[in-house]
Each structure stands twice: as structure tokens, then as C-alpha cells.
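J.: Kindly return the folded structure for what I paste below:
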Amino acid sequence: MARLAGKQIFITGAAQGIGLAIARACLREGAQVFLTDRDGRTLEQAVTELEADAGQLGHAVADITDQDAINASVEKARALFGGVNALINNAGINVFHDPLSMPDSEWEKCMDVDLKGAWNCCKAVLPAMIAEGAGCILNIASTHAFTIIPHTFPYPVAKHALLGMTRALGIEYAPHGVRVNALAPGYVETQKNIDYWNSFPDPQAARAQTLALHPGGRIATPEEIAMAAVFLISDECPFINAACLTADGGLSVLHHPA
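T.: Residues are numbered from 1 along each chain as shown. Next comes the predicted model:
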């Protein structure tokens with residue numbers, strides 16, 4: 001229960017879903033955790049729900065597309081904890097369109113949040129990590145980073161690029177003791193997916209159809225993704241770098257459902 005003792009972890013998109021589950025898991029494993037999210041009300045609810053000990057939890061409202069806001073949040077975390085030695089880039093949005101009918105503004109929104117936003121956060125933490133000769137960054141990617149689902153453009157473009165950035169930064173800064181990895185969840189039982197199923201006339205049938213795609217007949221819980229994140233930022237895997245761990249129950253390996 002102390003796998004992350006001594007870690008000061010900065011998590012984006014931490015107010016709900018996978019981000020909140022990761023925050024809870026990191027606190028349970030002994031880390032100091034700083035939460036950011038652009039939704040201030042939901043973030044306050046998350047902080048109240050986590051009920052962490054004094055000195056173990058901090059938070060700030062910040063939009064990852066705003067470099068100044070992210071820089072200020074990282075500085076707040078450093079002042080509170082004495083440093084930031086792990087970053088989890090979890091914040092992201094779904095942008096799904098037909099390619100040729102998609103407005104340019106939707107492309108820009110997707111790239112600004114799902115790719116440039118993660119880079120903004122990396123830029124905020126990397127100089128200190130390099131100076132200290134240690135640190136790790138975990139980018140929450142997606143199976144969209146190496147597979148394609150029709151009608152989801154340009155989201156997989158951004159996630160493919162995020163995986164490329166993970167590998168490039170991991171190689172670039174390995175000599176400085178910094179690891180950069182990605183975690184690629186498949187379908188997860190988050191509110192976003194629940195809302196998606198609820199958009200159908202028969203939500204239960206839509207959910208059942210999603211589950212049936214998977215070899216094990218189910219999808220992940222946020223907590224299962226969170227424990228994979230704990231492993232990747234822990235000292236249990238010091239030689240894992242510029243890599244991507246897939247957590248999709250085998251879906252991306254399956255040629256087609258039986």
C-alpha cells in the first residue's frame with residue numbers, strides 16, 4: 001500500500017472517470033497528488049470525495065490548452081509538495097466527425113486538447129525533471145492510437161500523434177533519467193461511455209453490444225486502468241520507457257468476435 005511513497009504526482013483531467021480513479025489509487029499507494037481540471041465545480045466535488053490527509057492532496061482549476069495556467073498549476077504543486085516527479089496526462093476530449101464535412105475548428109479543438117495540451121504539460125514539468133535527473137511522464141492514450149474505428153476522425157489522428165510524442169520524448173530524455181510511457185485503455189465504464197449508450201433508443205442493448213465485442217464479455221472499470229497507471233509510474237518498472245501498455249481485454253488483438 002506504499003508503492004508510490006515519495007512520489008509527487010500531477011494529474012490532468014482528474015475530476016472524474018479515469019483521472020479520478022488514478023488519483024484515488026495514487027493516494028492509496030502513498031503518493032502526494034495534485035489534481036487539475038477545467039471544470040471547477042466537479043473538481044471541488046472530487047477533492048471532497050477523496051478525503052485525503054493534510055499535505056497529501058492539492059488542486060487547481062486549469063485548462064491544459066492554456067500554457068500559462070498549466071505552468072502556474074505546476075508551480076503551485078511544487079510549492080505545496082516540494083516538487084513534481086510524475087505527470088499523468090489524462091485530460092482529453094472525444095471529437096468524432098466525417099472527415100470531409102468536419103469544420104476546421106473541430107480539428108483544431110481536437111489537436112489542441114488531445115495533443116498540444118499534453119505537450120503543454122510536458123513542457124511545464126520536463127525542465128525540473130531533467131535538472132534532477134529523474135522523473136516520469138505517463139500519457140493516457142487509447143487503443144485509437146494504433147487502431148481505427150470508422151467515423152471517429154480526427155480523434156485517432158491525435159492519439160496516434162500522442163503515441164509518437166511519447167516515444168520521441170522517451171528516447172530524447174532517457175539519458176537524463178526521465179521515463180515517458182503511454183497507457184492505452186480500450187472501452188472503460190466511464191460516464192462518457194454511459195452517456196454514449198444512453199443516446200440510443202435502447203441503452204441496455206447498446207451497452208450489451210459493446211461488451212459482446214470483447215473476448216471476456218466485459219469492459220474495464222476505471223479502477224483497473226488506474227492500477228495499470230500506478231505500475232507505470234512506480235519504481236517497479238524502471239526499464240520501461242518509450243513504451244505503450246494496452247489495457248483493452250484483448251479487443252485490439254481480436255480479428256473479429258466469435
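J.: need the strands for the stretch 51-200 of the chain, in chain order.
T.: Ranges of strands in the stretch 51-200 of the chain, per DSSP state E, counting those that start in this stretch, are 57-61, 86-89, 96-97, 135-140, 153-154, 178-185.
J.: any idea which of those strands is most buried?
T.: Highest mean neighbour count among these (mean count of other Cβ atoms under 10 Å): strand 86-89, with a mean of 28. C-beta: built from backbone N, CA, C; applies to glycine.
J.: Give me the mean pLDDT for that strand.
T.: Taken as a whole, strand 86-89 has a mean pLDDT of 98.
J.: Check the secondary structure at the residue lying closest to Ala5 once chain neighbours are set aside for me.
T.: Once flanking residues are discounted, Ala5 sits nearest to Gly30: 3.9 Å by Cβ to Cβ, 6 or more residues apart in numbering. Classification of Gly30 by DSSP: H, G, I helix; E, B strand; the rest coil places it in coil.
J.: Gly30: neighbouring residues, count only.
T.: Look at Gly30: counted by other Cβ atoms under 10 Å, it has 14 neighbours.
J.: could the strands of the stretch 51-200 of the chain be laid out in a markdown table, adding distance to Ala258?
T.: Output for those, formatted as a markdown table (distance: least, Cβ to Cβ, whole Å):
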| stretch | distance to Ala258 |
| --- | --- |
| strand 57-61 | 45 |
| strand 86-89 | 35 |
| strand 96-97 | 28 |
| strand 135-140 | 30 |
| strand 153-154 | 29 |
| strand 178-185 | 23 |
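J.: Ala118 is nearest to which of those?
T.: Smallest distance to Ala118 across those (Cβ to Cβ): 4.1 Å, for strand 86-89.
J.: which other helices and strands contact the closest one?
T.: strand 8-11, helix 117-132, strand 135-140, helix 222-233 (3 or more Cβ pairs under 8 Å, 6 or more residues apart in numbering; DSSP states H and E).
J.: on that earlier part again, nearest approach to Pro103 belongs to which of the strands of the stretch 51-200 of the chain?
T.: Smallest distance to Pro103 across those (Cβ to Cβ): 8.1 Å, for strand 96-97.
J.: now the closest one, how far from the chain's geometric center?
T.: Remark: strand 96-97 is offset 20 Å from the chain centroid, using Cα atoms, centre = their mean, to the nearest Å.
J.: in which helix or strand would I find Arg218?
T.: Using DSSP states H and E, Arg218 is not contained in any helix or strand.
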